[in-house]
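Visitor: output the structure for:
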Amino acid sequence: MISQIKQKGFTIVELLIVIVVIAILAAISMAAYTNITARANTSTAAAAAKSVKDVAGAYNTSNSGYPTTKAQFTSGGTDAVAKLPADVTFKNAKISAQPTSAEGPKTVSVQMMGSATAPTGYEITYWDYAKGSAVSTTIGDGTLVTTNGFVQ
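Guide: Here you go, the predicted model:
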């Protein structure tokens, strides 16, 4: 009598199906992770720009003029009503490309309006990682200072 031996295990087709399903799930996860990271970086950049705007407004109210250096932003002025966090990076050019990983999402460009010695406002620019473009907001008024107009 011939006995049949049953072999246990998976067929190659079953293994390929499992590998394909895992690859699809990995691709979906990576896309979701990239989107979440971009939104988080955008939120961080927008918060940094809002901090600059809020500190500039508070400084103007307290000192009857806008700050002209990053040191004045971080000190808060004579009354120290608002201080800019030290980890916000000021770029000495208008942001037109995604900041490098060394600069990080807390990088903003702050361009003076009015004059470089007595600004009447600022244009604050940050990078929107989700849209892939720069976003600008202003405080105060006036025309942009084109020579030495960036706060350092």
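
Visitor: would you map the helices across the protein?
Guide: 12-63, 70-75 (DSSP state H).

Visitor: name the helices or strands packed onto the longest one?
Guide: When you say that, I think you mean helix 12-63. Under the contact criterion of 3 or more C-beta pairs under 8 Å, 6 or more residues apart in numbering; DSSP states H and E, helix 12-63 touches helix 70-75, strand 107-113, strand 121-128, strand 133-140. C-beta here means a position set from N, CA and C on the backbone, and glycine is covered the same way.

Visitor: repeat for the last one
Guide: Helices and strands touching helix 70-75, by 3+ C-beta pairs under 8 Å, 6+ apart, are helix 12-63.

Visitor: only alpha carbons, please: show the helix or strand bottoming out on mean pLDDT in the chain as PDB.
Guide: Least confident helix or strand of the chain, by mean pLDDT, DSSP states H and E, is helix 70-75 with a mean of 84. C-alpha atoms of helix 70-75 as PDB (Å, rounded to 0.1, in the frame of the first residue of the first chain):
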ATOM      1  CA  LYS A  70      16.500  90.100  16.500                       C
ATOM      2  CA  ALA A  71      18.100  91.000  19.900                       C
ATOM      3  CA  GLN A  72      15.300  93.500  20.400                       C
ATOM      4  CA  PHE A  73      12.700  90.800  19.500                       C
ATOM      5  CA  THR A  74      14.200  88.400  22.000                       C
ATOM      6  CA  SER A  75      14.600  90.900  24.800                       C
END
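
Visitor: contacts for it next, please.
Guide: With contact meaning C-beta atoms under 8 Å, 6 or more residues apart in numbering, helix 70-75 is reached by Val52, Val55, Ala56, Tyr59, Pro67, Lys83, Leu84, Ala86, Phe90, Val151, Gln152.

Visitor: what's the answer for stretch 120-139, then?
Guide: 35, 37-39, 41-42, 45-46, 48-49, 52-53, 56-57, 66, 94-99, 105, 107-114, 140-142, 144, 151.
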